[in-house]
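In: The sequence and its predicted three-dimensional model are supplied below.
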Amino acid sequence: MTDSKYFTTTKKGEIFELKAELNSDKKEKKKEAVKKVIASMTVGKDVSALFPDVVNCMQTDNLELKKLVYLYLMNYAKSQPDMAIMAVNTFVKDCEDPNPLIRALAVRTMGCIRVDKITEYLCEPLRKCLKDEDPYVRKTAAVCVAKLHDINAQLVEDQGFLDTLKDLISDSNPMVVANAVAALSEIAESHPSSNLLDLNPQSINKLLTALNECTEWGQIFILDCLANYTPKDDREAQSICERVTPRLSHANSAVVLSAVKVLMKFMEMLSKDLDYYGTLLKKLAPPLVTLLSAEPELQYVALRNINLIVQKRACDLLFALRATSPTTRPEILKHEMKVFFVKYNDPIYVKLEKLDIMIRLASQANIAQVLAELKEYATEVDVDFVRKAVRAIGRCAIKVEQSAERCVSTLLDLIQTKVNYVVQEAIVVIKDIFRKYPNKYESVIATLCENLDSLDEPEARAAMIWIVGEYAERIDNADELLESFLEGFHDESTQVQLQLLTAIVKLFLKKPTETQELVQQVLSLATQDSDNPDLRDRGYIYWRLLSTDPVAAKEVVLAEKPLISEETDLIEPTLLDELICYIGTLASVYHKPPSAFVEGGRGVVHKSLPPRTASSESTESPETAPAGAPPGEQLDVIPTQGDLLGDLLNLDLGPPVSGPPLATSSVQMGAVDLLGSGLDSLMGDEPEGIGAPNFVSPPAAAVPANLGAPMGSGLSDLFDLTSGVGTLSGSYVAPKAVWLPAMKAKGLEISGTFTRQVGSISMDLQLTNKALQVMTDFAIQFNRNSFGLAPAAPLQVHAPLSPNQTVEISLPLNTVGSVMKMEPLNNLQVAVKNNIDVFYFSTLYPLHILFVEDGKMDRQMFLATWKDIPNENEAQFQIRDCPLNAEAVSSRLQSSNIFTVAKRNVEGQDMLYQSLKLTNGIWVLAELRIQPGNPSFMLSLKCRAPEVSQHVYQAYETILKN
């Protein structure tokens, strides 16, 4: 009879009967009783009253009965901690049993009993099991150390279990090695600042040896550990790759992806000219393709990871464009296009992901095949899929120039179907094609205008309005078409209103006599009748432009637009490099770093790829685009709609305009770059040496009051832009680091650091001319960033910079620029212009420059705020190797605007309660626990915006250790 009989009993007085059976002298009756207890426990009945009777059954040689008792014990030990102590003697005894299965069972159960009272009793049995002669016991004990560390980390460290775990990496049994690596990785993850997995070539060799012999999950643990190692040179990287490559043919998809992660990381260190590099790339494709024959859920995970890998290859090819022809470089999966063709029974999430990868792999060689597929998809019944397919045709046109005509023809065929959503998507993508290939396909405008009445989606309406405004001189009834949109102006979405305003101003500048009433009507609607600040501000700018200098207005509004980039949807390179380090994890499926979705007290460590090898074609770093490369190839700065990254490419590269410089106004123009460059000329004279608008604000008198408001942002609720009150403070200043090497900026080397003094933030720059020509006309611009950092004045280099000359400049900064959340949060993308070219780089600023001087909270407010912030927002970190006492810590932190609100001593520990405030008004509360004589501090941070906690912790470490 099966065990199901134990789940069917519903007798009254059952507990009493079970108690009697558990105390029976007959072994079989006792075992039956324990099975009934476990069955009751499984279905949710409370059988904790039987705890002492069940524990008495532990004294048995029967392995099955012992397992059942241990199962019961694990479940109820937490609710009956005093009773659980009764079992300790049995654990100790079982850990010395001659049967290794019983020894392993005892140590496994010990790790699962999460009761503080009995953990210290278990240390001695655990120590013996870690050195047991049987590998099965040792591997079980290794995992138990990680579980015990989670309950009481200090105990594990004091008992020396971590050192024993490290010794197990050299064990002769591969499964013991794998479990030791898994345990150390788990502990290291919860304590990112600790250096538990101190890997070296010898230990790596041991791991690679164990890799061939352990189980699939053991292989995953070892591969993930290898991925965290940085080889000392390319020879070691190649050696590791050669030994990991056989894992690509493993049947388990998790092993395959972990192997791919290791290879993708170490390939960064290999010279791209090596034959082995090309061979390795070819070996990566078949296992990835094989993953696509699995069930849909696995396919989706594989596709998301393939998407990252394909994007990474695209980035690498663009970086290498200036050094070698892309045709000479092997591209992964380029011959595997057919496996990404959509099947009729694929779920929608698989279809959409395949579609995305198809576009990324599209090239001149396969575009005919891809377009035929996409046209077929556009006639499907799934609306979302059809929309994506139509967009994909447009993306192909932009990516592969030779196919543009065929793509436009395909889109026109689709418009003729008169299917509403197909027509709307087609118009949206044709707008982008017009941007990419000006004056080439405008003959189709008449066909587009015929479908104007069917447009009801904001994006399609906005695209059509842009086309009418941009090509108004070619459309006889452009004014009538735009007037028809104007009738329901207040009912339109903001996107359509903004586009309509710009289109009518363009029309007026092209046909001023016929459209004067129309432009007055739209300006009145935008400025007087609208309560949308973006729309109102743009209306005021146009109004002032048109009323003061129509010629300047024409130069601004009808300026030649930069061509849109081939790959506007590539993930930002620094984020892409981080995601490559997380292949095979949730981060690779979400395409977000773990810090974006993992909550809790663990500090998240940002991973990154090793620096590229110094071979000839790959001297570009992920942070900088090739100096002087065309705008479309700047990987850090990819223009997208509504993204100031595009504005970095709009710098005026013309000769300097002479004239007196503008006085810097107190009104900062967070939203000034609505219309591209050249806006200064309509407010007054241009600043000397540069014609780009973002560097200096126009005179206050010439700007409407509401123009100073920064543009809206997705983070406006999180980052409430305010500024601190300035008092004297001397916060820690990091030494200057090279941000832009001369080899990447045509001889211009930029080093720098950030400072905060007397409430003012500065970027201290050192410019060195290592070229053979004089450099002049310097200017600087920042991309939108998390805290609105922006230059408060132009970059003043008063004399030409001669060859081999160095100049030091302090650039004042403010925090009223436009805001956009960056990854990581303190990432700052910078464009620097001189008479030679525009150069781009990104750097990480220390968060403590944003700690304001009025960041001290009073005690009552501190207590109330600490209670008010949810517990899940609390993050805990360990600061190691800091031999300072509480007074010195408090003093040093106060100099960087981290204020001690209260101090008390609890059981010999100094507790500092501290507060700080960021420039955008975010408060961070801290509890710092200092044990006199112990150089390790515990830091607890609470904040309503928990994503800043990791960076605040880094600021603490930086300030206290320097």
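Out: Ah, there it is.
In: pLDDT value on the residue positioned nearest the centre of the chain, please?
Out: In the chain, the centroid-proximal residue (Cα atoms, centre = their mean) is Pro593; its distance is 3.9 Å. You'll see Pro593 listed with a pLDDT of 87.
In: how near is it to Leu570?
Out: Shown here: Pro593 relative to Leu570, a distance of 16 Å by Cβ to Cβ, to the nearest Å. The way it works is simple: take the backbone N, C-alpha and C, and place the C-beta from them, glycine included.
In: re earlier: ramachandran angles for the residue nearest to the centre of the chain?
Out: phi -70, psi 160 (degrees, to the nearest 10).
In: got it, and Pro735?
Out: phi -60, psi 150.
In: Likewise for Ile367?
Out: According to degrees, to the nearest 10, Ile367 has phi -60, psi -30.
In: Model confidence score at the nearest residue to it once chain neighbours are set aside, please.
Out: With sequence-adjacent residues excluded and distances taken as Cβ to Cβ, 6 or more residues apart in numbering, Ile367 is closest to Ser403, at 4.2 Å. Per-residue pLDDT puts Ser403 at 85.
In: cool, Leu645 as well?
Out: 32.
In: what about stretch 189-196, start to end distance?
Out: Stretch 189-196 has an end-to-end distance of 10 Å (Cα to Cα, to the nearest Å).
In: Quick check: mean pLDDT of it?
Out: On average, stretch 189-196 scores 70.
In: quick one: the strands in the protein?
Out: With strands called from DSSP state E, the chain shows them at 737-740, 748-757, 760-769, 779-782, 790-791, 806-814, 827-833, 838-844, 874-879, 899-906, 909-917, 923-930, 937-943.
In: circling back: got a list of what the residue lying closest to the residue nearest to the centre of the chain once chain neighbours are set aside touches?
Out: Nearest residue to Pro593 in three dimensions, chain neighbours excluded: Glu578, at 5.4 Å (Cβ to Cβ, 6+ apart). The contact partners of Glu578, by Cβ atoms under 8 Å, 6 or more residues apart in numbering, come to Pro593, His606, Lys607, Ser608, Glu823.
In: what's around the residue lying closest to Phe937 once chain neighbours are set aside, how many residues?
Out: Distances taken as Cβ to Cβ, 6+ apart put Ile879 closest to Phe937, at 4.4 Å, once the chain neighbours are dropped. Ile879 has 20 neighbouring residues, counting by other Cβ atoms under 10 Å.
In: What separation do you get for Ile879 and Ser751?
Out: Counting by Cβ to Cβ - Ile879 and Ser751 are separated by 28 Å.
In: same question, Met911
Out: According to Cβ to Cβ, Met911 stands 40 Å off from Ser751.
In: same deal with Val400?
Out: 41 Å.
In: same check, this time on Ser493
Out: 46 Å.
In: Mind checking which of the two has more residues around it?
Out: Using other Cβ under 10 Å, the more surrounded residue of Ser493 and Ser751 is Ser751, with 18 against 13.
In: Across the sheet, point out what pairs with that one.
Out: Beta-bridge pairing of Ser751 under DSSP bridges involves Val738, Gln766.
In: Quick check, pLDDT for it.
Out: Residue-level pLDDT assigned to Ser751 equals 93.
In: quick one: contacts for it?
Out: Here Ser751 is in contact with Lys736, Ala737, Val738, Trp739, Leu765, Gln766, Thr768 (Cβ under 8 Å, 6+ apart).
In: Just flag the most distant two among these.
Out: Distances among the contacts of Ser751 were taken as Cβ to Cβ; the most separated pair is Ala737 and Thr768, at 13.5 Å.
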